[in-house]
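In: Predicted structure and sequence below. I'll ask about it afterward.
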Amino acid sequence: RKEVEQDPGPFNVPEGATVAFNCTYSNSASQSFFWYRQDCRKEPKLLMSVYSSGNEDGRFTAQLNRASQYISLLIRDSKLSDSATYLCVVNGYSTLGRLYFGRGTQLTVWP
Amino acid sequence: DTGVSQDPRHKITKRGQNVTFRCDPISEHNRLYWYRQTLGQGPEFLTYFQNEAQLEKSRLLSDRFSAERPKGSFSTLEIQRTEQGDSAMYLCASSEGSRSEKLFFGSGTQLSVL
């Protein structure tokens, strides 16, 4: 079983739509959670950290459910510029330095 | 430019040849990571350094792969006797380490093994 599982999509939504991505992680002892964004043929960039109580950054809301071991990302009022692949990232349990990446969920926002 | 830099951006080689990639992390970052990414997949962890010490290596890192960070600054990743399955994007990232796990990636080295 992979450490991080994501639905690869693709998700195709119109501008202004609300879209949500989920991912699940296998290790209940994981402590750090992130969403990264990767544009086509570019390197991944940190979008936001995910905190236990949930957190919001503008149009983006991240939530963590430790009991079910899943993480979500909600994007409101989608923009064309949100088109990218969104990577769910979780740290290891005994390997403090290692971060595990999901395969990513592809989002296309159309006009 | 104060970001993570990688060299070369692209490398085309023949099967069986050796290749070496270089990564220069953000100067104040003490952790340096190597990841590999293939099309349609997320980055896969290869190895990471805390200063000059290589603290962890993935099972993916076969005997043909070796990484160094001799002075705790730049790092090199060498692949010996390349195989077609080694074709991928090799990404380097750095972080502040214990104070933050946030990774800052370089643009990567795209390796094509013919």
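Out: Perfect, thanks for sending it.
In: Check whether the helix or strand hosting B:Phe21 comes into contact with chain A.
Out: Mapping B:Phe21 onto the secondary structure by DSSP states H and E places it in strand B:19-24. No: Strand B:19-24 stays clear of chain A (Cβ under 8 Å from any Cβ of the partner chain), getting no nearer than 11.9 Å. The way it works is simple: take the backbone N, C-alpha and C, and place the C-beta from them, glycine included.
In: Pull out the buried positions in that strand.
Out: Within strand B:19-24, the residues scored as buried using 16 or more other Cβ atoms under 10 Å in any protein chain shown are B:Val19, B:Phe21, B:Cys23, B:Asp24.
In: show me the contacts for the last one.
Out: Shown here is B:Asp24, whose contacts under the criterion Cβ atoms under 8 Å, 6 or more residues apart in numbering or on different chains are B:Val4, B:Ser5, B:Gln6, B:Asp7, B:Ser73, B:Phe74.
In: B:Lys11 bridge partners, please.
Out: Beta bridges link B:Lys11 to B:Leu111, judged by DSSP bridges.
In: does chain A sit close to the lowest-mean-pLDDT helix or strand in chain B?
Out: Lowest by mean pLDDT, DSSP states H and E among the helices and strands of chain B is strand B:53-57, with a mean of 89. Yes: using Cβ under 8 Å from any Cβ, strand B:53-57 reaches chain A at B:Leu55, B:Glu56.
In: Go through that strand and flag the buried ones.
Out: Under 16+ other Cβ under 10 Å, the buried positions of strand B:53-57 are B:Gln54, B:Glu56.
In: Could I get the full set of helices for chain A?
Out: Counting by DSSP state H, chain A yields no residue ranges for helices.
In: Now for the most centrally placed residue in chain B: which residues touch it?
Out: By Cα atoms, centre = their mean, chain B has its centre lying nearest to B:Trp34, at 3.2 Å. Residues near B:Trp34 by Cβ under 8 Å, 6+ apart: B:Cys23, B:Leu46, B:Thr47, B:Tyr48, B:Ala67, B:Ser75, B:Leu77, B:Tyr90, B:Leu91, B:Cys92.
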